[in-house]
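Participant: build me a model from this:
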Amino acid sequence: MRSAGPFPAAPQAIHSSDGRVYVRWVLHRDPEKACSVYYARPYVLEVPASGAGSDLGG
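Facilitator: Next up is the predicted model:
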């Protein structure tokens, strides 16, 4: 992914409350399925506004 960028901005609808975009990507050992974007799913991480859960790093 590092050499494939830069990427356009993600749609605002998939930004989490902390402003980031999260993707769950299942990697397979099978060469035909390995790293396929078919197995990548964006999700919205709900982070409370109070700052709880701020241990996400960054």
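
Participant: against Ser3, how distant is the residue lying closest to Arg24 once chain neighbours are set aside?
Facilitator: Once flanking residues are discounted, Arg24 sits nearest to Arg41: 5.0 Å by CB to CB, 6 or more residues apart in numbering. Where C-beta positions appear, they are placed from N, C-alpha and C, glycine not excepted. With the distance defined as CB to CB, to the nearest Å, Arg41 ends up 23 Å from Ser3.

Participant: wait, Tyr43 touches Val21, no?
Facilitator: No - taking contacts as CB atoms under 8 Å, Tyr43 lies outside contact range of Val21: 9.1 Å.

Participant: who has more neighbours, those two?
Facilitator: A count of neighbours by other CB atoms under 10 Å puts Val21 above the other of Tyr43 and Val21, at 15 against 11.

Participant: tell me how far the more buried one lies from His15.
Facilitator: Computed as CB to CB, the Val21 to His15 distance reads 6 Å.

Participant: do the same with Arg41
Facilitator: With distances taken as CB to CB, Arg41 is found 15 Å from His15.
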